[in-house]
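*Asks:* whatever this is, show me its structure:
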Amino acid sequence: MKQDPSTHADYESLHSIVDSLVQWVRSRRLAREACNDLANCGPDEVAQIIRDLRLQPGELAGLIKRGPDAADLVQELLPAVGIDVQSLEQDDPATMHDLQRLCTICSDKRQCRLDLANGKIVEKFRDYCPNAFTVDALLQANQ
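*Replies:* Numbers count the residues shown, from 1 in each chain. Next up, the predicted model:
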């Protein structure tokens, strides 16, 4: 009897790779659209966006290039360590914004994804996460 190819381990790996590729293409497309939208803004509008987001002048373009999903991992990290994302967004939007900004520019996303997937994030995020100090401060404040 032949094995169903969709249950084979290689199929699962290929499916995962294809999903990752689709997500990457989608995020690149959204980032390109955002850059085009920004190009249509005048200098005063761009300056206002930078002020509203409390960014340094050079940060906006870099954040846009990373795409709209670049801060998603912080949305997974916070509940994993015991922080209510919705409460934080409501009670302290400035802190949430800073957490998202740092997550967006983080260079250790692969390690973070791996630790989240393996259930090791609570023990390991302090080793590489640019938000570790803030997350620890939030945890201490909630005790």
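*Asks:* and this protein, what are its domains?
*Replies:* In the assignment given by automatic domain parsing, the structural domains of the chain cover 1-68, 71-143.
*Asks:* count of neighbours near residue 117?
*Replies:* Applying the criterion other Cβ atoms under 10 Å, we find 10 residues in the vicinity of residue 117. Every C-beta, even on glycine, is put in place using the N, C-alpha and C of the backbone.
*Asks:* circling back to that earlier point, quickly, which of the domains of the chain bottoms out on average pLDDT?
*Replies:* Among the domains of the chain, domain 1-68 has the lowest mean pLDDT, at a mean of 62.
*Asks:* all helices for the chain, in order.
*Replies:* 9-39, 43-53, 59-66, 72-81, 85-91, 93-105, 109-117, 121-124, 132-141 (DSSP state H).
*Asks:* so what touches the fourth one?
*Replies:* Applying Cβ atoms under 8 Å, 6 or more residues apart in numbering, the contact partners of helix 72-81 are 84-85, 88, 99-100, 102-103, 106, 109, 112-113, 116, 121-122, 125, 129, 131, 135, 139.
*Asks:* let's see it at 6 Å
*Replies:* Defining contact as Cβ atoms under 6 Å, 6 or more residues apart in numbering, one finds that helix 72-81 is touched by 85, 99, 100, 103, 112, 116, 121, 122.
*Asks:* quick one, phi/psi of the residue nearest to the third one when sequence neighbours are not counted?
*Replies:* Okay, so that is residue 100. With Cβ to Cβ, 6 or more residues apart in numbering as the criterion, residue 100 has its nearest non-adjacent residue at 3.8 Å, and that residue is residue 71. Backbone torsions for residue 71, taken as degrees, to the nearest 10, come to phi -110, psi 10.
*Asks:* contacts only, for residue 71.
*Replies:* Listed by Cβ under 6 Å, 6+ apart, the contact set of residue 71 reads 100, 103, 104.
*Asks:* neighbours around the first one, how many?
*Replies:* So the one you mean is residue 100. By other Cβ under 10 Å, the burial measure for residue 100, its neighbour count, is 19.
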